[in-house]
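In: I would like to see how this sequence folds:
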Amino acid sequence: MPLFSSKLTGKRALVTAGAQGIGLAISRELLAAGCDVFVHYHKSADAARALGGEAAKLGRRCGNAGADLTATEESNRLVASAVAFLGGLDILVNNAGTMVAKRLIADSDDDFWAETMSLNMGTMRKVTRAAVPHLAAAAKTGGGASIINLSSVAGRKGGAPGTLAYSTAKGATLAFTRALAEELGPQGIRVNAIAPGLILGSQFHVTHTKPEAIPGIVSGIPLGRPGTTEDVARATVFLAAEFDGFISGATLDINGAAYRA
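Out: Sure thing, here's the model as predicted:
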């Protein structure tokens, strides 16, 4: 049983990109901890629907909806659908985002840069803006609310050549988290970030990390292994459980001590 299950029983969570990779692990961990969960997907409709069956076995509810979060109206509709299904919102996990491609600065034209920022920062801003009134309402009656933003170790230290746009977006996520924590603190909303390192089992590394590069990356991790999606999910649930706590504006590094702030 998850450590924080009693604190999260009955809490209502929205997870963007919550039906594959790290997002799927987070959705499952929140359900196991006692939350009712609403899952956003873009292309993973079947996986999102399958979570409903898993939730039912746990005595929880899990709804889902597809949306293109780069569009303001679809972001607003997603949040409205989640609130209608859940009856409110206590926890928001902003997991949507990806590296569009690896490009050096000389090849990063304006359209590529704008697309990277839109997919990573723009989606987070749109969903958060729509969710804040509902989180604030929950905080008044439930003792607090929680936002967790998924960043990356690349946002901490910069990434390898070719990841400039992505690293910049993930660094902006950390600044967004700190500034938003100060802005929303008076409303009882905690805002924190997760910065994963090498996490195998995620679509991101299947797409962007060459298999032959993995041993070299792992050799630089003091714990001697790559991370798993479950490692990130457990950390996310810990921060979600702090809806009534004192942790806000923080970044939790999940990288086996490969990077130490």
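
In: from the middle of its chain, how far away would stretch 240-256 be?
Out: Mean-position distance between stretch 240-256 and its chain equals 12 Å (CA atoms, centre = their mean, to the nearest Å).

In: same thing with stretch 169-181?
Out: Remark: stretch 169-181 is offset 13 Å from the chain centroid, using CA atoms, centre = their mean.

In: That stretch: which residues count as buried?
Out: The neighbour-count check on stretch 169-181 (16 or more other CB atoms under 10 Å) flags 169-174, 176-178, 180-181 as buried. Every C-beta, even on glycine, is put in place using the N, C-alpha and C of the backbone.

In: now swap in stretch 227-239 and tell me
Out: For stretch 227-239, burial by neighbour count (16+ other CB under 10 Å) applies to 227-229, 231-239.

In: And for stretch 58-69?
Out: Under 16+ other CB under 10 Å, the buried positions of stretch 58-69 are 60-65, 67, 69.

In: Other residues contacting it?
Out: Outside stretch 58-69, the residues that touch it by CB atoms under 8 Å, 6 or more residues apart in numbering are 16, 19, 27, 31-32, 34-43, 45, 48-49, 51-52, 54-55, 74-75, 77-78, 81-82, 85-86, 96, 122-123, 126-127.

In: Try it again at 6 Å.
Out: For stretch 58-69, the external contacting residues (CB atoms under 6 Å, 6 or more residues apart in numbering) are 31, 36-41, 48, 51-52, 55, 74-75, 78, 81, 85, 96, 123.

In: Need the residues that contact the lengthiest strand in the chain.
Out: The residue-count maximum for a strand in the chain (DSSP state E) belongs to strand 189-196. Contacts of strand 189-196 with the rest of the structure, by CB under 6 Å, 6+ apart, involve 135, 139, 145-153, 156, 174, 177, 180-181, 184, 232, 235-236, 239, 242, 248, 250-254.

In: Could you export it as PDB, CA atoms only?
Out: The C-alpha trace of strand 189-196 is given here as PDB (Å, rounded to 0.1, in the frame of the first residue of the first chain):
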ATOM      1  CA  ILE A 189      -2.200  26.000  -3.400                       C
ATOM      2  CA  ARG A 190       1.200  24.300  -3.200                       C
ATOM      3  CA  VAL A 191       3.300  24.200  -6.500                       C
ATOM      4  CA  ASN A 192       6.300  22.000  -6.900                       C
ATOM      5  CA  ALA A 193       8.300  20.400  -9.700                       C
ATOM      6  CA  ILE A 194       9.800  17.000 -10.500                       C
ATOM      7  CA  ALA A 195      13.100  16.800 -12.500                       C
ATOM      8  CA  PRO A 196      13.700  13.200 -13.700                       C
END
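
In: Can you list the strands that that strand pairs with?
Out: In the sheet, strand 189-196 lines up against strand 145-150 (parallel), strand 251-254 (parallel) (DSSP bridges).

In: pLDDT on that strand, on average?
Out: On average, the pLDDT along strand 189-196 is 98.

In: Would you mind listing the residues in contact with residue 17?
Out: Counted by CB under 6 Å, 6+ apart, residue 17 has contacts 23, 95-96.

In: right, I mislabeled it, should have said residue 108
Out: Taking CB under 6 Å, 6+ apart, one finds residue 165 in contact with residue 108.

In: any idea of the pLDDT on residue 208?
Out: On pLDDT, residue 208 comes in at 57.

In: Number the residues from 24 up from this point.
Out: Noted, 24 is the first residue going forward, which turns the last one into residue 231.

In: Lowest-scoring secondary structure element of this protein by mean pLDDT?
Out: The weakest-scoring helix or strand in the chain, judged by mean pLDDT, DSSP states H and E, is helix 226-231 (a mean of 62).

In: Could I get the average pLDDT for stretch 190-208?
Out: Averaging pLDDT along stretch 190-208 yields 98.

In: make that stretch 83-98, sorry
Out: 98.

In: Regarding that stretch, how distant is the last residue from the first?
Out: 24 Å (CA to CA, to the nearest Å).
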